[in-house]
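Colleague: Sharing a model that was predicted from the sequence below.
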Amino acid sequence: MDQEALRPQLGEFSSIVCFRAAVGGVIEALGERGAMVALKAAGRTRGHGLVAELGLTGQGDDLSKAADMMGQALGREGTKLCIIRGVEEKGDRIYVRLNETICMAGEPEGTDATCSFTFGAVHGALEALTGRKLAGKHILSPLRDDVPTEVFEFYER
């Protein structure tokens, strides 16, 4: 979408503070569990849509290629949702390592928070790129585990 059509003066990007306020309002309205379902679903829809907008649907049969594509679309050169550090397959599991997720920005050390919208966006993008139906969860975070990146785990449904 043309940036001028979105907002002629402010452009397409908004602040993390505003995004986090929206997430807080959704949690307040729906409760923690309902909010996580809604935010992950919204992210998943966004991930599918973004891959389609870029004409990349079905183009990520090689996971290193998929990682590069997701990194470009969601990272510094794209929507700035997160930085994809890597995607690897181990057995029947796919692991995505990432940093600077919008969902974990500002969370305190030791938090039990998990990514919602970011997880969903990566989930949707990975499904759209690979053509595989996936389920998964946010399994590790630098804020509570001794790891350098957030880690999402996916597996075929």
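Modeller: Received it, and whenever you're ready, just let me know what you need.
Colleague: Give the burial count for residue 129, as a bare number.
Modeller: The number of residues packed near residue 129 is 27, by other Cβ atoms under 10 Å. Where you see a C-beta, it was placed from the backbone N, CA and C, and this is true even at glycine.
Colleague: In this protein, where's the longest helix?
Modeller: Assignment by DSSP state H gives helix 16-53 as the longest helix of the chain.
Colleague: What is that one packed up against?
Modeller: helix 63-74, helix 117-130 (3 or more Cβ pairs under 8 Å, 6 or more residues apart in numbering; DSSP states H and E).
Colleague: tell me which residues in that helix are buried?
Modeller: 23, 26-27, 35-36, 38-40, 42-44, 46-48, 50-51 (16 or more other Cβ atoms under 10 Å).
Colleague: of all those, which two lie farthest apart?
Modeller: 27 and 51 (27.5 Å; Cβ to Cβ).
Colleague: ok, back up a step: put together JSON lines for the helices and strands packed on helix 16-53, with distance to residue 18 and mean pLDDT on each row.
Modeller: Formatted as JSON lines, these follow (distance: least, Cβ to Cβ, whole Å; pLDDT from 0 to 100):
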{"stretch": "helix 63-74", "distance to residue 18": "19", "mean pLDDT": "88"}
{"stretch": "helix 117-130", "distance to residue 18": "13", "mean pLDDT": "95"}
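Colleague: Can you lay out the ones you listed as TSV showing distance to residue 144?
Modeller: Shown next, in TSV, are these (distance: least, Cβ to Cβ, whole Å):
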stretch	distance to residue 144
helix 63-74	23
helix 117-130	16
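Colleague: Tell me which of these is the most buried.
Modeller: Of all the helices and strands packed on helix 16-53, helix 117-130 has the most neighbours on average by mean count of other Cβ atoms under 10 Å, namely a mean of 26.
Colleague: List the beta-bridge partners for the nearest residue to residue 67 once chain neighbours are set aside.
Modeller: Nearest non-adjacent residue to residue 67, counting by Cβ to Cβ, 6 or more residues apart in numbering: residue 87, 3.8 Å away. Residue 87 has these beta-bridge partners by DSSP bridges: residue 96.
Colleague: For residue 87, give its distance to residue 78.
Modeller: As judged by Cβ to Cβ, to the nearest Å, residue 87 and residue 78 stand 16 Å apart.
Colleague: which residues does the closest residue to residue 23 other than its chain neighbours contact?
Modeller: Leaving aside its sequence neighbours, residue 23 sits nearest to residue 39 (Cβ to Cβ, 6+ apart; 6.5 Å). Applying Cβ atoms under 8 Å, 6 or more residues apart in numbering, we find residue 39 in contact with 23, 26, 116, 117, 120.
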